[in-house]
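In: here's my sequence, what's the structure:
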Amino acid sequence: MKIIVKKLSKLEINKKNIYNWPIWKCDISEFDWEYTEQESCLLLKGDVEVISNTETVKFKAGDFVVFPKGLQCKWKVYQPVEKHYLFG
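Out: The predicted structure is shown next:
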C-alpha cells in the first residue's frame with residue numbers, strides 16, 4: 001500500500017472538478033487513522049507527515065495525495081490543514 005503524492009496542473013484539477021469536492025479542516029494535532037476506502041485529496045493549506053508500517057510521507061499545500069484503501073497510519077499535522085477530498 002503506497003501513498004501517492006504529486007502535483008496536478010490547473011487543467012487536471014479542473015478536469016477532476018476538485019474545487020467542488022467537500023472541504024475538511026484540521027488544526028495542529030496527531031491522530032491514528034485507517035482508510036476504509038481510497039481517498040484522494042488536494043491540500044489547500046497545511047504541512048503534514050503520515051506514517052504507516054511501510055513508509056513516511058510528507059506533503060503540504062499544493063500537493064495532490066491518494067491514500068489506498070486499507071491503509072493504517074498516524075497523521076502528524078504540523079500546520080493547520082484545509083483540503084478538498086473525495087472517497088472511493
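
In: three-state assignment of the residue in the chain sticking out farthest from the centre?
Out: The centre of the chain is farthest from one residue, Leu11, which by C-alpha atoms, centre = their mean lies 19.6 Å away. Recorded secondary structure, Leu11: helix (DSSP: H, G, I helix; E, B strand; the rest coil).

In: all strands for this structure, in order.
Out: Listed in chain order, the strands of the chain (DSSP state E) span residues 4-6, 23-26, 29-34, 39-51, 56-60, 64-67, 72-87.

In: JSON lines for those, including mean neighbour count and distance to Asn17?
Out: For the C-beta atoms, the positions are set from N, CA and C on the backbone; glycine is no exception. Output for the strands of the chain, formatted as JSON lines (neighbours: other C-beta atoms under 10 Å; distance: least, C-beta to C-beta, whole Å):
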{"stretch": "strand 4-6", "mean neighbour count": "12", "distance to Asn17": "18"}
{"stretch": "strand 23-26", "mean neighbour count": "12", "distance to Asn17": "14"}
{"stretch": "strand 29-34", "mean neighbour count": "10", "distance to Asn17": "25"}
{"stretch": "strand 39-51", "mean neighbour count": "18", "distance to Asn17": "11"}
{"stretch": "strand 56-60", "mean neighbour count": "15", "distance to Asn17": "21"}
{"stretch": "strand 64-67", "mean neighbour count": "19", "distance to Asn17": "13"}
{"stretch": "strand 72-87", "mean neighbour count": "16", "distance to Asn17": "9"}
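
In: picking that back up, now do the residue farthest from the centre of the chain, the pLDDT please.
Out: If you check Leu11, the pLDDT there is 97.

In: now do the one 4 residues further on
Out: The per-residue pLDDT reported for Lys15 equals 97.

In: and for Trp37, the neighbour number?
Out: Not quite, residue 37 is Glu, not Trp. 11 (other C-beta atoms under 10 Å).

In: no further queries at this time; thank you.
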